[in-house]
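Engineer: can't give you the sequence, but here's the structure:
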């Protein structure tokens with residue numbers, strides 16, 4: 001009898017399990033292959049294709065900037081540029097690549113270290129900051145030298161075996177034709193390469209930064225404000241590369257679209273005149289003796305603005321010191337950049353016209369006139385124009401201590417009587433509570449100053465505009481809170497050499513410097529003290545006096561003309577109206593006419609045809625502690641407003657009068673009177 005033996009069944013079971021596992025693995029493998037090749041094969045094919053295609057940008061021609069008559073202020077020129085192709089250079093042995101750059105640096109007159117820095121990509125280890133490093137595509141030839149001579153280009157091209165990856169080609173650079181020898185640097189602005197941070201911002205905003213990596217970006221002036229329209233759209237060339245990164249062909253290519261042409265309101269002829277006269281006025285002031293400081297005037301800076309009073313368009317605007325806008329073309333050196341920011345050089349990069357903030361002095365008096373009438377004074381009121389006005393134990397003197405007896409608002413404006421306005425300011429200060437310390441007290445002069453556009457930017461289409469300051473009760477309290485500790489410390493332990501004035505000021509400020517005193521009010525009424533404005537704000541203010549009360553936002557751009565000829569107009573924009581009745585505006589207009597006939601500016605307009613071109617004017621001489629006086633002259637007609645400011649250059653008419661008169665002669669094509677030999 002045989003017994004049952006199940007052992008032979010176990011190998012069969014194991015084989016069966018193995019067959020199932022192998023079949024399952026094969027089934028899974030074939031399913032995966034089917035999925036990769038059939039279902040998503042196209043996606044991988046596209047990815048592989050993209051992996052061997054690189055994007056190379058063709059920069060678009062930046063749009064021109066022209067004046068109101070079409071004269072080119074900023075254009076483009078062709079330059080010979082030396083480029084280095086990284087795709088070739090990085091494939092060479094390190095020693096050979098170093099030799100190539102060393103030879104090239106010698107030919108270009110650069111140091112090897114400087115040239116090497118220009119070939120590095122921004123962000124890679126050892127790279128310098130933009131604009132030294134390259135922010136563009138690594139597959140795009142990198143410009144390392146611009147405006148090279150033909151001899152240098154030929155020397156490189158004839159010895160290609162010594163300069164693998166190096167090429168000479170033409171490129172468009174910014175050009176400044178300077179019609180009538182204009183400068184206009186602060187109006188036009190400049191360009192510099194786009195930064196890595198800006199590219200990151202584009203990416204975060206959902207934009208494609210690829211097409212902007214080699215862009216030059218406007219950094220100031222209209223180049224910055226209208227950068228997007230001027231820049232255009234670069235062309236994109238898709239090149240195929242092999243496994244080692246060498247270019248093998250072109251897959252597709254799109255042509256670049258040039259930027260729009262910006263037509264400005266600037267008149268190049270007037271702009272050149274304003275620049276010339278501003279510079280001449282500063283030179284003339286430096287020859288004059290200042291009896292107060294017992295030395296010649298420094299005349300360290302200045303600005304001038306010509307504005308169309310009916311639209312707010314800027315006809316001309318100049319600032320001194322200035323700089324050559326072409327210094328940025330092709331990259332700026334650190335030494336040149338330091339010079340633009342140097343206080344010793346006068347900080348040429350700063351536009352005094354819209355960024356300089358100065359006490360307005362007597363050019364402020366039309367505001368006080370309007371505020372006084374709004375507060376209840378009559379235009380027929382007559383007040384004493386004495387040689388001084390006493391507040392407490394302090395005498396506030398009339399300019400040069402002149403005394404003219406009892407006069408009205410009209411004569412007070414024409415001869416610029418300070419004590420006339422001191423009396424009004426003191427009265428309004430008492431009405432507001434005097435020394436009560438109420439920071440919320442209503443002040444007609446403060447309210448009117450803000451209504452005239454002071455204390456806020458004008459809204460001009462240029463970047464970096466300053467707002468100025470209306471030094472009212474609230475401002476003084478805020479200033480006190482911020483500076484109390486400093487002045488209390490100075491009062492307790494004055495440093496050696498501290499003047500008696502500063503010692504006394506520190507003691508008084510420490511006790512109750514937040515109070516708005518009578519002295520603050522009388523100073524405010526004549527544009528002295530802590531109130532500051534820009535020359536552009538003053539031009540806007542006097543334009544409003546000229547046009548019947550409309551505050552126009554200043555504009556430099558008139559229209560944009562696209563590459564296809566499509567025109568986009570930049571319309572005038574009003575920022576408000578003066579809360580002044582037409583009768584009061586007409587009264588002040590008549591009074592300001594007398595400034596050039598019998599008032600403070602009359603001696604500068606002798607022989608000028610005021611009957612044909614009735615220029616209204618207001619002079620201002622701002623006294624600044626520790627400095628010489630600032631010269632202001634604000635003028636206007638029914639068509640233009642002309643404002644000039646000269647820092648540390650004397651009186652309003654004395655410093656600016658001759659230059660402003662010459663600007664008016666240029667505006668109206670008036671032949672100047674023959675000068676005696």
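Structural biologist: Perfect, I can see it now. Keep in mind it's a predicted model, so treat the numbers as computed, not measured.
Engineer: What average pLDDT does the host helix or strand of residue 192 get?
Structural biologist: Using DSSP states H and E, residue 192 falls within strand 191-193. Averaged across strand 191-193, the pLDDT comes to 81.
Engineer: centre of the chain versus that strand, how much separation?
Structural biologist: 15 Å (Cα atoms, centre = their mean, to the nearest Å).
Engineer: again, but for stretch 592-608
Structural biologist: Remark: stretch 592-608 is offset 35 Å from the chain centroid, using Cα atoms, centre = their mean.
Engineer: do the same with stretch 89-96
Structural biologist: Distance, stretch centre to chain centre, for stretch 89-96: 44 Å (Cα atoms, centre = their mean).
Engineer: can you tell me how far residue 350 sits from residue 279?
Structural biologist: Using Cβ to Cβ, to the nearest Å, residue 350 is found at 16 Å from residue 279. All C-beta spots, glycine's among them, are computed from the backbone N, C-alpha and C.
Engineer: which of these two has more neighbours?
Structural biologist: The residue with more neighbours, out of residue 350 and residue 279, is residue 350; 20 against 17, by other Cβ atoms under 10 Å.
Engineer: In contact with that one, which residues are there?
Structural biologist: Shown in contact with residue 350 (Cβ atoms under 8 Å, 6 or more residues apart in numbering): 319, 356.
Engineer: how does it look with 10 Å?
Structural biologist: Residues in contact with residue 350 (Cβ atoms under 10 Å, 6 or more residues apart in numbering) are 186, 301, 319, 321, 322, 340, 341, 343, 356, 464, 466.
Engineer: And the residues you listed, which is closest to residue 73?
Structural biologist: Within the contacts of residue 350, the smallest distance to residue 73 is 12.6 Å, found for residue 186 (Cβ to Cβ).
Engineer: Counting neighbours, what do you get for the closest one?
Structural biologist: Neighbours of residue 186 under the rule other Cβ under 10 Å: 26.
Engineer: in a strand, that's where it is, yeah?
Structural biologist: No: Residue 186 is assigned helix when assessed by DSSP: H, G, I helix; E, B strand; the rest coil, not a strand.
Engineer: so residue 639 makes contact with residue 613?
Structural biologist: Yes: look at residue 639 against residue 613 with Cβ atoms under 10 Å: they come within range, at 9.3 Å.
Engineer: what about stretch 521-540, distance to the chain center?
Structural biologist: Offset of stretch 521-540 from its chain centre (Cα atoms, centre = their mean): 22 Å.
Engineer: quick one: strands adjacent to the strand ranked longest in the chain?
Structural biologist: Criterion DSSP state E: the longest strand present in the chain is strand 72-84. When sheet partners are counted by DSSP bridges, strand 72-84 sits next to strand 65-66 (antiparallel), strand 142-146 (antiparallel), strand 166-175 (antiparallel).
Engineer: What's the first helix or strand after the second one?
Structural biologist: Next helix or strand after strand 142-146 toward the C-terminus (DSSP H and E): helix 150-157.
Engineer: Low-confidence ranges, the stretch 1-150 of the chain, go.
Structural biologist: Within the stretch 1-150 of the chain, the segments meeting pLDDT under 70 span 1-10, 35-57, 129-131, 135-137, 139.
Engineer: ugh, wrong one, I meant the stretch 501-650 of the chain
Structural biologist: In the stretch 501-650 of the chain (pLDDT under 70), no residue qualifies.
Engineer: Counting residues, name the longest helix you see in the chain.
Structural biologist: Counting residues, the longest helix found in the chain (DSSP state H) is helix 9-34.
Engineer: how distant is that one from the center of its chain?
Structural biologist: Remark: helix 9-34 is offset 76 Å from the chain centroid, using Cα atoms, centre = their mean.
Engineer: what's the answer for stretch 317-328, then?
Structural biologist: On Cα atoms, centre = their mean, the centre of stretch 317-328 falls 12 Å from that of its chain.
Engineer: for stretch 284-302, same thing?
Structural biologist: Using Cα atoms, centre = their mean, the offset of stretch 284-302 from its chain centre is 28 Å.
Engineer: List the contacts of it.
Structural biologist: Residues from elsewhere that reach stretch 284-302, judged by Cβ under 10 Å, 6+ apart: 278-279, 281-283, 318-321, 346-348, 350, 352-353, 356, 358, 535, 623, 627-631, 644-651, 654-656, 658-659.
Engineer: Can you give the domain ranges for the protein?
Structural biologist: Following the assignment in automatic domain parsing, the chain carries domains at 53-264, 268-360+533-667, 361-525.
Engineer: okay, those, which one's buried deepest?
Structural biologist: Burial of the domains of the chain is given as mean neighbour count (mean count of other Cβ atoms under 10 Å); domain 268-360+533-667 ranks first at a mean of 20.
Engineer: low pLDDT regions in the stretch 151-300 of the chain?
Structural biologist: Residues of the stretch 151-300 of the chain meeting the criterion pLDDT under 70: 196, 209-214, 239, 241-251.
Engineer: mind listing the helices for it?
Structural biologist: Taking DSSP state H, counting those that start in this stretch as the criterion, the stretch 151-300 of the chain carries its helices at 185-188, 196-204, 221-225, 227-231, 268-285.
Engineer: which one of those lies closest to residue 18?
Structural biologist: Nearest to residue 18, of those and by Cβ to Cβ, is helix 196-204 at 53.7 Å.
Engineer: quick one: residue 282 and residue 320 touch, right?
Structural biologist: Yes: between residue 282 and residue 320 there is a contact under Cβ under 10 Å: 6.0 Å.
Engineer: Between the two, which contacts overlap?
Structural biologist: Residues within reach of residue 282 and of residue 320 at once, by Cβ under 10 Å, 6+ apart, are 299, 300, 301, 302, 646, 647.
Engineer: any chance of those residues in a markdown table, with distance to residue 500 too?
Structural biologist: Listed next are those as a markdown table, based on distance: Cβ to Cβ, whole Å:
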| residue | distance to residue 500 |
| --- | --- |
| 299 | 29 |
| 300 | 26 |
| 301 | 29 |
| 302 | 32 |
| 646 | 30 |
| 647 | 26 |
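Engineer: which residues does residue 550 bridge with?
Structural biologist: For residue 550, the beta-bridge partners under DSSP bridges are residue 577.
Engineer: Sounds good, over and out.
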